[in-house]
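Asker: A structural model of the following input is requested.
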Amino acid sequence: MKTAWLAVRSALLWTVSWIHFFIGVATLIPCGMIAGPRKIDLFVRIFNRNVVRLAGARLTAKFAPGFDPKQTCFFSVNHTNLFDPFVLYSVIPQYVRGLELESHFRIPLYGMLMKRFGNVPVPDVRRPAELRRMLLQTKKALDGGTSLIVFPEGTRTPDGRIHEFEDGGFRMAVQFGCPIVPVSIVGSFEFNRKDHWWLHPSHIVVHIHDTIDTKGLKKDDVPALRDRVRAIMSAPVDAHYKVLDASQNN
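Answerer: Predicted coordinates:
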């Protein structure tokens, strides 16, 4: 009975959330074309938060005292499920966009929204010309005061834990002298995971950690920077699963 109810509940929540999504996208695209994305950013935040709420998750953000919301930066975030961008756009208190696979820009409506609102496409095939284009678009966004979200794992986690990081986002941060803010999303894997469509009642907590300055760092410093950011991001995630594991063993 519990399984059947969860399946029915999930189907209803997906339906309500995605109806809201499609209506919202169809409204935001023309508004963004007329007024510009920055002028409607408040409405974009409300839209994203409602996508998460209507899907059945509660959302809390916790900010470290050393986080500087006025600095344009890279937000380095663990990747859990399809709701991560909606969660992040809801809680990050500044104008922010994301680095997304180029293939995502071909998704109907969603891709149009991403392109119009200034997300940076990451080439699916990493040829030198495509990578140079991505670097130019990244620098243009940062120079224009747009912070960028990076998922350094490159894919969604299979088990909720944080896995190995790719170096690309850290190399760009060092190259451009742009600060990095580690971000930990906790509880999102229990809400939804990539290998199943069910939506479980959950409380998602987003930890936005201290801003890390990268000025003066060189290419040789990238591995140490990557490992430092990973350790910061992993701490609240590991603590969450330590509590869950202990409760399951009792």
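Asker: pick out the residue nearest the middle of this structure.
Answerer: residue 85 (4.2 Å; CA atoms, centre = their mean).
Asker: and the contacts of the strand or helix carrying it?
Answerer: Using DSSP states H and E, residue 85 maps to helix 84-91. For helix 84-91, contacts defined as CB atoms under 8 Å, 6 or more residues apart in numbering pick out 44-45, 48-49, 51-52, 59, 61, 75, 77, 96, 98, 149, 151, 183, 185, 188, 204, 206, 208. Using the backbone N, CA and C atoms, a C-beta is placed for each residue, glycine as well.
Asker: now a ChimeraX select for only the buried ones of those residues.
Answerer: Of those, the buried ones go into a single ChimeraX selection, burial set by 16 or more other CB atoms under 10 Å:
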select :44,45,48,49,51,52,59,61,75,77,96,98,149,151,183,185,188,204,206,208
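Asker: which of the contacts of helix 84-91 fall within helices?
Answerer: Secondary structure from DSSP state H places 44-45, 48-49, 51-52, 188 of these in helices.
Asker: which stretches of this protein form strands?
Answerer: Under the criterion DSSP state E, the chain contains strands at 57-63, 74-77, 96-101, 120-122, 147-150, 180-186, 202-208.
Asker: how far does the third one sit from its chain's centre?
Answerer: Same thing as strand 96-101. Chain-centre distance of strand 96-101: 8 Å, with CA atoms, centre = their mean, to the nearest Å.
Asker: hmm, who's touching that strand?
Answerer: By CB under 8 Å, 6+ apart, strand 96-101 touches 75, 85, 88-89, 114, 117-122, 124, 134, 138, 141, 146-151, 169.
Asker: just stretch 211-225 next, same as before
Answerer: So stretch 211-225 is in contact with 66-68, 71, 73, 167, 170-171, 173-174, 177-182, 228-229, going by CB under 8 Å, 6+ apart.
Asker: can I get the CA coordinates of that stretch in CSV?
Answerer: Only the C-alpha atoms of stretch 211-225 are listed here, as CSV (Å, rounded to 0.1, in the frame of the first residue of the first chain):
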residue,chain,number,x,y,z
THR,A,211,34.2,32.4,-0.7
ILE,A,212,37.7,31.2,-1.8
ASP,A,213,40.0,33.7,-3.5
THR,A,214,41.9,32.4,-6.5
LYS,A,215,44.0,35.5,-7.3
GLY,A,216,47.7,34.7,-7.5
LEU,A,217,47.1,31.0,-8.0
LYS,A,218,48.8,29.2,-11.0
LYS,A,219,48.0,26.2,-13.1
ASP,A,220,50.1,24.0,-10.8
ASP,A,221,47.8,25.0,-7.9
VAL,A,222,44.6,23.6,-9.5
PRO,A,223,44.8,20.1,-8.0
ALA,A,224,45.2,21.5,-4.4
LEU,A,225,42.4,23.9,-5.1
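Asker: what mean pLDDT does it have?
Answerer: Stretch 211-225 carries an average pLDDT of 96.
Asker: could I have the helix or strand of the chain with the lowest mean pLDDT exported to CSV, CA atoms only?
Answerer: Lowest on mean pLDDT, DSSP states H and E among the helices and strands of the chain sits helix 110-116, with a mean of 72. The C-alpha trace of helix 110-116 is given here as CSV (Å, rounded to 0.1, in the frame of the first residue of the first chain):
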residue,chain,number,x,y,z
TYR,A,110,14.1,24.4,-21.6
GLY,A,111,16.9,24.9,-24.1
MET,A,112,15.3,28.1,-25.4
LEU,A,113,15.1,29.4,-21.8
MET,A,114,18.8,28.5,-21.1
LYS,A,115,20.0,30.2,-24.3
ARG,A,116,17.9,33.3,-23.9
